[in-house]
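Trainee: Sequence and predicted structure below; questions after.
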Amino acid sequence: MNNLYTRTLAALALVALALVAIVTPGPRTLDAQTSRYTVYATSRTTLTTTGRDLAVASSASSALSTLGGVATSRTIAGTALSSDISAATLRSGLSLATIPSTPSTTPIVDLRADVGVTSSSGRVSAWASQGSVGSVSFSQGTAGRQPLLLTNAAPNGGPAVYFDASRTDTLATSYNASLDPASALTIIFVGAVRTTSCVVYERPYAATHTGNFAEWWLYAGNGTVDLRVNSSTNSQTINDGAGISGWRRPGIHVYRLAVGARQYQVNGYNITTSASGATISYTNNIGHRLGTNTSDGEAATMWVYEVLVFSSSLTDAQVQEWDATLAQRWGVTLVFG
């Protein structure tokens with residue numbers, strides 16, 4: 001009788017411990033399409049709700065401290081574990097920042113390899129911008145200099161427009177004053193560059209590569225980037241945090257320019273720069289181009305997933321929005337630092 005009583009008490013104690021377990025979050029990821037967080041277990045001793053594993057905390061005090069004091073027995077942020085846990089609920093309980101599924105800023109130029117590409121036998125004759133300035137298309141009428149549309153070229157299996165330096169592949173658009181930012185700009189290049197000393201994207205100075213060469217450009221050096229504004233340049237070594245040259249691996253390159261400063265980052269990793277800002281000015285009415293300068297020199301071999309140009313210097317929060325969107329869209333890995 002005593003043994004049965006003891007065993008019953010022990011069983012009830014185990015059940016009680018399970019019911020009052022406090023949960024803490026494991027590593028979390030944000031699905032930008034559904035705006036929901038997935039919480040993974042840090043231990044296989046778990047409570048499970050709607051397919052999500054929730055790790056059991058070592059103590060109530062540590063759980064409450066981690067969760068900001070909102071956890072209660074069998075609940076998180078006031079929601080019972082038996083129900084689904086939405087991103088909003090988790091943010092409320094865990095003080096998580098909200099990243100919108102759609103960025104809050106709109107580029108004036110947006111060239112996407114998965115939208116607006118006109119090609120014949122794989123060769124790209126025109127690439128229509130998806131940006132806010134309408135009727136903008138980058139084109140190449142010479143077949144021997146048309147870049148190639150590749151399928152399954154991005155890290156997630158998406159397409160890329162491939163520029164071959166040996167062919168001096170290039171695409172350019174006609175002059176449009178609405179594409180010339182007045183005082184600040186941001187260029188985001190998503191892709192990879194194989195060659196060095198080459199033009200990735202530029203707003204040329206003149207119809208031939210003379211004078212200041214470019215009013216502004218994003219230029220790939222040998223492990224460096226040249227952030228030109230009129231006659232002012234700054235060259236910075238790229239390191240994406242993993243010791244790999246930032247140009248050669250698929251990346252999200254962000255160049256921001258304002259009167260007060262120039263900033264550069266790769267895959268979310270901030271590149272230290274001593275470059276001061278600069279005032280943008282325009283001398284001639286020339287359209288933007290990719291792949292070569294206006295004399296068809298400094299040609300690039302590169303895989304372009306997407307290029308965006310903004311008429312402002314994006315804030316850190318706005319860059320983070322685009323980093324998250326573009327990383328998911330093209331399968332690029334971010335390295336925050």
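Mentor: Here it is on my side, so go on.

Trainee: Going by C-alpha atoms from here, please, whenever you check contacts or count neighbours.
Mentor: Noted.

Trainee: Wasn't residue 187 part of a strand?
Mentor: Yes - counting by DSSP: H, G, I helix; E, B strand; the rest coil, residue 187 is part of a strand.

Trainee: Quick check: pLDDT value at it.
Mentor: The model reports residue 187 with a pLDDT of 97.

Trainee: Which residue, neighbours along the chain excluded, lies closest to residue 327?
Mentor: Spatial nearest neighbour of residue 327, excluding adjacent residues (Cα to Cα, 6 or more residues apart in numbering): residue 333 at 6.3 Å.

Trainee: Isn't the one you found up against residue 267?
Mentor: Yes - applying Cα atoms under 8 Å as the test, residue 333 and residue 267 come out as touching, 6.8 Å apart.

Trainee: so what sits against both of these two?
Mentor: Among the neighbours of residue 333, those also in contact with residue 267 (Cα atoms under 8 Å, 6 or more residues apart in numbering) are residue 251.

Trainee: Those two: which is more packed in?
Mentor: Ranked by neighbour count (other Cα atoms under 10 Å), residue 333 and residue 267 place residue 267 first, with 25 against 17.

Trainee: close enough to count as contact, the more buried one and residue 322?
Mentor: No - contact criterion Cα under 8 Å: residue 267 and residue 322 do not qualify, at 10.8 Å.

Trainee: Mind exporting the C-alpha coordinates of stretch 111-118 to CSV?
Mentor: C-alpha atoms of stretch 111-118 as CSV (Å, rounded to 0.1, in the frame of the first residue of the first chain):
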residue,chain,number,x,y,z
LEU,A,111,16.5,45.5,-62.7
ARG,A,112,15.4,42.0,-61.7
ALA,A,113,16.6,38.9,-63.6
ASP,A,114,13.3,37.2,-63.0
VAL,A,115,11.1,40.1,-64.4
GLY,A,116,11.1,42.2,-67.6
VAL,A,117,14.0,40.5,-69.5
THR,A,118,13.6,40.3,-73.3
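
Trainee: count of residues packed around residue 290?
Mentor: 24.

Trainee: and what of residue 151?
Mentor: Using other Cα under 10 Å, residue 151 has 14 neighbouring residues.

Trainee: From residue 114, how far off is it?
Mentor: Counting by Cα to Cα, to the nearest Å, the gap from residue 151 to residue 114 is 9 Å.
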